[in-house]
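J.: pasting the sequence and the predicted coordinates here, then a few questions.
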Amino acid sequence: MSPWGGAVANDVHGKNHHRMGTFGRHLLSFRLRRSDGAIQTCSPEENADLFRATIGGLGLTGLIEDVTIQLMRVPGLQIEVEEIRLRNLNDFYRLSDESENNWDYTLAWVDCLARGDEIGRGIFSRARHRAGGLERGDLLPAISVASVPPISLVNCLTLSAFNALYRRKLLGKKIKRSIVPYDKFFYPLDGIGNWNKLYGRAGFYQYQCVVPSARAQETIRRMLEEIAQSGQGSFLIVLKTFGSMASPGMLSFPMPGTTLAIDFPNRGASTLALLDRLDMLTLSANGRVYPAKDGRMASSSFHLYYPQRKDFERHIDPRFSSSFWRRVTASGAEIK
Ligand SMILES: Cc1cc2nc3c(=O)[nH]c(=O)nc-3n(C[C@H](O)[C@H](O)[C@H](O)COP(=O)(O)OP(=O)(O)OC[C@H]3O[C@@H](n4cnc5c(N)ncnc54)[C@H](O)[C@@H]3O)c2cc1C
């Protein structure tokens, strides 16, 4: 079974989406084992519909046995990074536009406690590959959260302390330049082992949506206002603009626009109500929510986010299902 199956099944995207599109764009072919024992080779030329259904197909079309992908050559293992202070959301859009052509990777960390004119305050990061190897000991030292605390360590107090400290990362400068090993830039969360335990026994919800470009700035502002007012954010909140390259999968999540990704400590009904309000804003702007990170999306929302599901359904393997799929196609929400 291929270790790349999860990347195909959600047609994953990275910080370079604006230049490279999704993972599926770099897939040349794969072999898919169906429950009747048949193995289908799929590519843009062979079984093309099954190829498109399986990319972003949430693991429902069969078992991906192996994949052939096109990699790109990089000049070295180091990354040149610029981190730039964001005063507000306007700065985010200006820097995203400005960085689109010359920087391979872009994203912004946003302070979810900012309000008013400061909504969108944070740090914009842009990066590109650079020649050079790694020194011994360069790779991330892991510190680890040893046990699950009874209550979440992510609360208003720790959050405002963390956010204030994080913004000082630039040491009062407008821009900080550095050269870092690739893993420090790509996998910052791996620097804290078991980071998920910080949320305590109740755990957390991940939420990621994308809003099409035409309505993005206004909708993202409203979402950040909702989150700030709720006092329920966390320090993991990321904004990124997706590029215009089409995603190849029938149910692929990315579309041209802005994506917001955030983790929320689970505070029960109030957190679910906040997520519903974010869904309403996403829906009203014709955006969509990412199934890969979802644990609560309503079936009615899924059907509006993904009208292409009707074409997709024909390719589901009859003996495959998932709790996500059963939820979003539950009775009362039959596909019309
Ligand atoms: C902290 C965090 C950060 C994330 N950041 C991003 C991000 O930046 N961009 C992004 O796009 N996503 C992101 N994700 C989502 C993640 O990339 C996807 O959920 C991805 O599918 C996980 O892949 P996996 O290999 O871990 O697969 P798993 O979690 O094991 O499986 C994910 C799905 O793939 C299916 N699958 C796995 N293997 C196969 C196979 N061989 N054949 C058929 N189906 C298979 C499973 O059935 C399941 O539906 C993030 C998730 C987390 C928890």
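T.: Received it, and whenever you're ready, just let me know what you need.
J.: all the helices of the stretch 151-300 of the chain, residue numbers only.
T.: Ranges of helices in the stretch 151-300 of the chain, per DSSP state H, counting those that start in this stretch, are 156-167, 182-186, 213-230, 269-284, 299-305.
J.: what's the second one packed up against?
T.: When you say that, I think you mean helix 182-186. strand 78-86 (3 or more C-beta pairs under 8 Å, 6 or more residues apart in numbering; DSSP states H and E). From N, CA and C alone the C-beta is placed, and that goes for glycine too.
J.: which residues are contacting the strand it packs on?
T.: 91-92, 95, 103, 105, 108, 110, 120-134, 167, 169-170, 173-182, 184-186 (C-beta atoms under 8 Å, 6 or more residues apart in numbering).
J.: of those, buried ones?
T.: Neighbour counting over the contacts of strand 78-86 (16 or more other C-beta atoms under 10 Å) leaves 91-92, 95, 103, 105, 108, 110, 120-130, 167, 176, 181-182, 184-185 as the buried ones.
J.: let's have the helices of the stretch 151-300 of the chain in CSV, adding distance to the ligand and mean pLDDT.
T.: Output for the helices of the stretch 151-300 of the chain, formatted as CSV (distance: least, C-beta to the nearest ligand atom, whole Å; pLDDT from 0 to 100):
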stretch, distance to the ligand, mean pLDDT
helix 156-167, 17, 74
helix 182-186, 10, 91
helix 213-230, 17, 96
helix 269-284, 17, 97
helix 299-305, 15, 95
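J.: and those helices as a markdown table, adding distance to residue 312?
T.: Listed next are these as a markdown table, based on distance: least, C-beta to C-beta, whole Å:
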| stretch | distance to residue 312 |
| --- | --- |
| helix 156-167 | 39 |
| helix 182-186 | 30 |
| helix 213-230 | 25 |
| helix 269-284 | 20 |
| helix 299-305 | 12 |
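J.: minimum distance to residue 58: which of those has it?
T.: Nearest of those to residue 58, taken as C-beta to C-beta: helix 299-305 at 11.0 Å.
J.: elements contacting the closest one?
T.: helix 269-284, strand 288-289, helix 323-328.
J.: mind putting the ones you listed in JSON lines, distance to residue 62 and mean neighbour count included?
T.: Shown next, in JSON lines, are the helices and strands packed on helix 299-305 (distance: least, C-beta to C-beta, whole Å; neighbours: other C-beta atoms under 10 Å):
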{"stretch": "helix 269-284", "distance to residue 62": "30", "mean neighbour count": "16"}
{"stretch": "strand 288-289", "distance to residue 62": "24", "mean neighbour count": "25"}
{"stretch": "helix 323-328", "distance to residue 62": "14", "mean neighbour count": "15"}
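J.: what about the closest residue to residue 121 other than its chain neighbours, how many neighbours?
T.: Using C-beta to C-beta, 6 or more residues apart in numbering and skipping the chain neighbours, the partner closest in space to residue 121 is residue 114 (4.1 Å). Residue 114 sits with 22 neighbouring residues when counted by other C-beta atoms under 10 Å.
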